[in-house]
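1. Here is my input, please return the structure:
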Amino acid sequence: AEYLPEITNDSVCPVDAKEELLNECESIWQKMEECQSKLKVQGGKTLPKSDTTLSLLITRVKALQAEYNQWQKRTPEIISNNPDVLLALGKEELQKTKNDLEMVLATVQSKNEQLEEDLKREQQWQEEQEQVVDALNRIEEEMKTQTEQLSRKRALQQLQNKMSKVKSYKEGLLNALGEFLGEHFPIPENGGSTKKKKSFEKPAVELITLHEILEILIHKLMNTPHDPYVTINDSFWPPYIELLLRYGIALRHPEDPNRMRLEAFH
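-> Residues are numbered from 1 along each chain as shown. Now for the predicted structure:
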């Protein structure tokens, strides 16, 4: 509105210009009355009853065509040649245009303000949504980390439980084997039962049980699987060695008969 200067009515339309304009209006009004009187005298034609609507439309088309032709032939006329009248009319028209432009400008400014407020709200909503997404991503990462840790702990706990069961089962088997071997294969007497030595003579080597021989063979096979052979010494009672070899529990070295190993049953 600040760009549109105020239109003032400094020059008042003179009395002569007003009278001239009124006379022209009266003359035009008289001509209109004469034309209307002629139309009344001529009257309207009686339309056929068969197709009244079509006849009315044809008559209307002809009238519009005649009016169009008249407007095409007619040249624009100036309302008045008086410069004072033209100046007053121009100022009035400019004032109306100025008022219309001010209304349009106010409407556009109000619309722009509303759009700016909507834009701020949308930007704020977008920032809030981005913060929510970031928080959800962090929570997801934390949940993934916790899930992986729990999975590892669970797997480790299950493995420990299985190892504990295996150890318990192993201890049970070893205890049962030890009881069986202790009962049926006791510690052999030095020198066997064929010869009795004097009580004051000490045995050269202390013989070990079959259980101990099996433990030595098992530990050797598990600790050094690439070299599972054990050297047979004097503490190994020969009947126990023959028993192990005969029933396929142990095997001799193919090149050294003084060495043997446990059969790899696993």
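2. all helices of this structure, in order?
-> Listed in chain order, the helices found in the chain under DSSP state H are 15-42, 52-73, 83-184, 210-223, 238-246.
3. How far off centre is the last one?
-> Same thing as helix 238-246. 73 Å (CA atoms, centre = their mean, to the nearest Å).
4. Minimum distance to residue 262: which of the helices of the chain has it?
-> helix 210-223 (3.8 Å; CB to CB). Quick note: C-beta positions are derived from backbone N, CA and C, even for glycine.
5. Which positions in the closest one come out as buried?
-> For helix 210-223, burial by neighbour count (16 or more other CB atoms under 10 Å) applies to 210-214, 217, 220-221.
6. do stretch 236-247 as well
-> 236-237, 240-241, 244.
7. of all those residues, which comes closest to residue 26?
-> The closest of those to residue 26 turns out to be residue 244 (CB to CB; 149.1 Å).
8. hang on, the closest one packs against residue 251?
-> No. Residue 244 is beyond contact range of residue 251, at 9.0 Å (criterion: CB atoms under 8 Å).
9. which residues are common contacts for these two?
-> The contact sets of residue 244 and residue 251 overlap at residue 260 (CB atoms under 8 Å, 6 or more residues apart in numbering).
10. looking at the helices of the chain, which is buried most?
-> When the helices of the chain are scored by mean count of other CB atoms under 10 Å, the highest mean neighbour count falls to helix 210-223 (a mean of 17).
11. Could you pull up the mean pLDDT of that one?
-> Helix 210-223 carries an average pLDDT of 90.
12. which helices and strands does that helix pack with?
-> helix 83-184, strand 230-231, helix 238-246, strand 259-262 (3 or more CB pairs under 8 Å, 6 or more residues apart in numbering; DSSP states H and E).
13. Between helix 210-223 and the first one, find me the angle.
-> Going by axes from the mean of the first three to the mean of the last three CA atoms, to 10 degrees, helix 83-184 is angled at 150 degrees with respect to helix 210-223.
14. Give me the distance from helix 83-184 to the chain's centre.
-> 9 Å.
15. again, but for the shortest one
-> Centroid separation for strand 230-231 versus its chain: 68 Å, with CA atoms, centre = their mean.
16. Tabulate the helices and strands packed on helix 210-223 (TSV), appending distance to residue 206 and mean pLDDT.
-> TSV is the format used below for the helices and strands packed on helix 210-223 (distance: least, CB to CB, whole Å; pLDDT from 0 to 100):
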stretch	distance to residue 206	mean pLDDT
helix 83-184	17	91
strand 230-231	17	94
helix 238-246	14	92
strand 259-262	20	93
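17. Output these as TSV; include the columns distance to residue 56.
-> Formatted as TSV, the helices and strands packed on helix 210-223 follow (distance: least, CB to CB, whole Å):
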stretch	distance to residue 56
helix 83-184	39
strand 230-231	130
helix 238-246	131
strand 259-262	124
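18. that older thread, name the nearest of the buried residues of stretch 236-247 relative to residue 157.
-> When the buried residues of stretch 236-247 are compared against residue 157 (criterion: CB to CB), the nearest one is residue 244, at 40.0 Å.
19. Pretty sure residue 235 sits against residue 205.
-> Yes. Assessed by CB under 8 Å, residue 235 is found in contact with residue 205 at 5.2 Å.
20. if we can go back for a sec, same list, the buried residues of helix 210-223, but as TSV with distance to residue 24 please.
-> Supplementary listing: those in TSV, determined by distance: CB to CB, whole Å:
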residue	distance to residue 24
210	148
211	144
212	145
213	146
214	142
217	140
220	138
221	135
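21. from those, which is closest to residue 119?
-> Using CB to CB, the buried residues of helix 210-223 come closest to residue 119 at residue 221, 80.8 Å.
22. Who are the contact partners of the closest one?
-> By CB under 8 Å, 6+ apart, the contact list for residue 221 reads 228, 261-262, 264.
23. I'm done for today, thanks for sticking with me.
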